[in-house]
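Asker: Next comes the sequence, and after it the predicted model I'd like to discuss.
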Amino acid sequence: MNLSGQDKLQNTFIYLIGFPGTGKYTIAQEIARKADFRLVDNHLINNPVFSLIHVDGKTKLPERIWDNTLKIWEAVADTIVHISPREYNFVLTNSLIQGDAADHRHYERTKGIAEQREACFIPVRLVISDIEEHVKRITSPARALKLKQTDAASPQHYAETQEVLHATHPHGLTLDVTHLTALEAADIILQHAIEKGRPVRNG
């Protein structure tokens, strides 16, 4: 999909939510490339402090780390709300778990940023229905270089005990990306955003 002038989006927030290894960042890159979105990946927030400690993609991180990443997030959020031009679009990524109070608060916090900008908010749940495919993705060597989770046992654990956060919203979308390329997923999400969002109509 190539967005025409008649379908160009503005002031739109696409929020990609899914387990680690789902492909959130890769899909977000395609969205940013195809439709002029600023990419705010969760590791853009995390890695300034992750790079200062031991991160092997498997060992549980100290709780204080999340306090420090929240400080970075607050600075980014303030910039988006108060400084970024109103026409800018943003695609954000996060791993959020259903039933986790902190994750639900972060979802509401992110939605609140969109509301403060009076932006169109599009939450997208990305799910994988095949554990072997999930293991293949989460153990990719490229993930380790980006200080991301790489534990091969995680997909089985997620499948048996957890769910991706249910983002109840009139513009919400759940997308199974098991058999989709990042480009195919990006096209589906952008089409959904055009249908639910606020494209600029020229002429």
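Answerer: Sure, I can see it.
Asker: Let me see the mean pLDDT of the helix or strand hosting L175.
Answerer: L175 is located in strand 173-176, with elements delineated by DSSP states H and E. Averaging pLDDT along strand 173-176 gives 97.
Asker: Mind listing residues that contact that strand?
Answerer: The contact list for strand 173-176 (Cβ atoms under 8 Å, 6 or more residues apart in numbering) reads I122, P123, V124, R125, L126, V127, I128, S129, A185, I188, I189, H192. From N, CA and C alone the C-beta is placed, and that goes for glycine too.
Asker: contacting residues around the fourth one?
Answerer: In other words, R125. Counting by Cβ under 8 Å, 6+ apart, R125 has contacts I17, G18, V164, L165, H166, A167, G172, L173, T174, L175.
Asker: got any ranges where this structure has weak pLDDT?
Answerer: 1-7, 198-203 (pLDDT under 70).
Asker: now the strands: where do they sit in it?
Answerer: 8-9, 12-18, 37-40, 89-94, 120-127, 173-176, 199-200 (DSSP state E).
Asker: just these: most buried one?
Answerer: strand 12-18 (a mean of 27; mean count of other Cβ atoms under 10 Å).
Asker: between that one and strand 120-127, how many degrees?
Answerer: 20 degrees (axes from the mean of the first three to the mean of the last three Cα atoms, to 10 degrees).
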